[in-house]
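Chemist: Give me a model of this one.
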Amino acid sequence: MFSKNLKTIFFSGLVFVSASFISCSDDDTPVVDQPKNIVELASATADLSSLVTAVQKAGLVDALSADGSLTVFAPTNTAFQALLDSNNDWNSIDDIPTDVLTNVLKFHVLGQKVTSGDLSDSYTNTLAVGPNDESLSLQIETTGAIEFNGDAKPITVNVEASNGIVHIIDKVMLPPNVVTTAINNSNFSTLVAALTDSRHTTDFVSILNGEGPFTIFAPTNEAFQALLDSNADWSGLADIPIETLDAVLKYHVVNAANVQAKQLQNNQEITMLSTGTVIVDLTDGAKLKTSSDQTVTITATDVQGTNGVIHVVNMVLLPGV
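Modeler: Next up is the predicted model:
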């Protein structure tokens, strides 16, 4: 019994030594897969072939292959087909003007790695640019369901690449102007209702859909509710005389200027679309002093659209009589 066990042990050891010797030979060195960069990852994913074609046409292959830490929201082939179907002049990605395609694609890229766990209700800068080459803002919503830019939804998240992370989404996101930005944010639903009131003789939507650029101080729904609560005769926007509403809305818009927070200066006078003025007060946070003696707090800044920038305010600005 002892002799048999000894032979078994010896034979097992010989096999182990032989196996170890063979595994250490140069010909059988284990191959370790190198992580793919973002472009390589997309190229290896069948449902992202349209994205790869678009990236190639836009000349962004090198930028998305380089070392770094990026976040890419990657639309599927179906999403790109829906984009093509939205324009009668576009039968293929080659039909999309290169400058348009490039900025659209850059709107899907963040300059830092953001996992799904990092997301929150917010706006974040993309690599796309608008007036004065300011970074366009991407809206991220996490309350309820996760959505980007108003209605793009994630399909697969947190796909790791050597130079960042990819989230696959169901829609090509078009950079929004100030009107679309307001429409996409439920906190501005009362502002949108005020701008689109059928009693207006001023076509605010057409004006703000224009080239601009514009700077808009946007009151939240709560700010409008406070305005309604200030007058016992006003239970809704329809109760505000249209002449009053028109003047108030024009007092929130700066025409032909994309004024970001970094450009605001203490005691700066800003002329509004109504020709009324507000005074910037930076002594204790960013505030505006109106001609009706209000002191209004700017609660969020630099929501950048393609034709202007939005700053959020906590009160409806009222022009002086």
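
Chemist: you'd agree residue 101 is up against residue 57?
Modeler: Yes: with contacts defined as CB atoms under 8 Å, residue 101 counts as touching residue 57 at a distance of 6.2 Å. Any C-beta I mention is one placed from the backbone N, CA and C, and that applies to glycine too.

Chemist: got any residues that touch both of the two?
Modeler: With contacts defined as CB atoms under 8 Å, 6 or more residues apart in numbering, the residues adjacent to both residue 101 and residue 57 are residue 93.

Chemist: of the two, who's got more company?
Modeler: Just comparing residue 101 and residue 57: by other CB atoms under 10 Å the higher neighbour count belongs to residue 101, 21 against 17.

Chemist: Just the buried positions in the helix or strand hosting that one, please.
Modeler: Secondary structure from DSSP states H and E places residue 101 in helix 98-106. For helix 98-106, burial by neighbour count (16 or more other CB atoms under 10 Å) applies to 101-106.

Chemist: so what does the helix or strand following it touch, helix or strand wise?
Modeler: Secondary structure here is assigned by DSSP H and E; on that basis, the next helix or strand after helix 98-106 toward the C-terminus is strand 109-110. Counting contacts by 3 or more CB pairs under 8 Å, 6 or more residues apart in numbering; DSSP states H and E, strand 109-110 is packed against strand 70-75, strand 122-129.

Chemist: Okay, now the sheet partners of strand 109-110, with direction.
Modeler: Each strand pairing with strand 109-110, determined using DSSP bridges, is listed with its direction: strand 70-75 (antiparallel).

Chemist: Let me know the angle separating the helix or strand following the strand it pairs with from strand 70-75.
Modeler: Moving toward the C-terminus from strand 70-75, the first helix or strand encountered (DSSP H and E) is helix 77-85. Helix 77-85 and strand 70-75 meet at an angle of 70 degrees, taking axes from the mean of the first three to the mean of the last three CA atoms, to 10 degrees as the criterion.

Chemist: can you give me the helices for the chain?
Modeler: Assignment of helices within the chain using DSSP state H yields the ranges 2-23, 38-43, 49-58, 61-65, 77-85, 98-106, 178-184, 189-195, 204-208, 221-229, 242-250.

Chemist: how far does the second one sit from the chain's center?
Modeler: Put plainly, it is helix 38-43. 22 Å (CA atoms, centre = their mean, to the nearest Å).

Chemist: hang on, the earlier thing: angle of the helix holding residue 101 against helix 49-58?
Modeler: Counting by the same axes, to 10 degrees, helix 98-106 points 130 degrees away from the direction of helix 49-58.

Chemist: Which secondary structure elements does helix 98-106 sit against?
Modeler: With 3+ CB pairs under 8 Å, 6+ apart as the test, helix 98-106 has helix 49-58, strand 122-129 packed against it.

Chemist: so where's the longest strand in this structure?
Modeler: The single longest strand within the chain, with elements called by DSSP state E, is strand 295-305.

Chemist: Tell me which strands it pairs with, and in which orientation.
Modeler: Paired neighbours of strand 295-305 in the sheet (DSSP bridges): strand 287-289 (antiparallel), strand 308-313 (antiparallel).

Chemist: tell me the most buried of those strands?
Modeler: Mean neighbours per residue, mean count of other CB atoms under 10 Å, is largest over the strands paired with strand 295-305 for strand 308-313, with a mean of 24.

Chemist: contact partners of that one?
Modeler: Under the criterion CB under 8 Å, 6+ apart, residues 130-131, 134, 177-178, 181-182, 187, 208, 212-220, 223, 252, 258-261, 288, 296-304 lie in contact with strand 308-313.

Chemist: Just the CA atoms of that strand, as PDB, please.
Modeler: Included here for strand 308-313 are C-alpha records, laid out as PDB according to Å, rounded to 0.1, in the frame of the first residue of the first chain:
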ATOM      1  CA  GLY A 308     -28.900  81.600 -25.000                       C
ATOM      2  CA  VAL A 309     -28.400  80.900 -21.400                       C
ATOM      3  CA  ILE A 310     -30.900  80.500 -18.500                       C
ATOM      4  CA  HIS A 311     -30.400  81.500 -14.900                       C
ATOM      5  CA  VAL A 312     -33.000  80.400 -12.400                       C
ATOM      6  CA  VAL A 313     -34.600  82.900 -10.000                       C
END
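
Chemist: quick revisit: okay if I get the buried residues of helix 98-106 as JSON lines plus distance to residue 163 and pLDDT?
Modeler: Formatted as JSON lines, the entries for the buried residues of helix 98-106 read as follows, by distance: CB to CB, whole Å; pLDDT from 0 to 100:
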{"residue": "101", "distance to residue 163": "22", "pLDDT": "98"}
{"residue": "102", "distance to residue 163": "19", "pLDDT": "98"}
{"residue": "103", "distance to residue 163": "21", "pLDDT": "98"}
{"residue": "104", "distance to residue 163": "21", "pLDDT": "98"}
{"residue": "105", "distance to residue 163": "16", "pLDDT": "98"}
{"residue": "106", "distance to residue 163": "16", "pLDDT": "98"}
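
Chemist: Correct me if wrong: residue 200 contacts residue 248.
Modeler: No: checked against CB under 8 Å, the pair residue 200 and residue 248 is beyond contact range at 11.8 Å.
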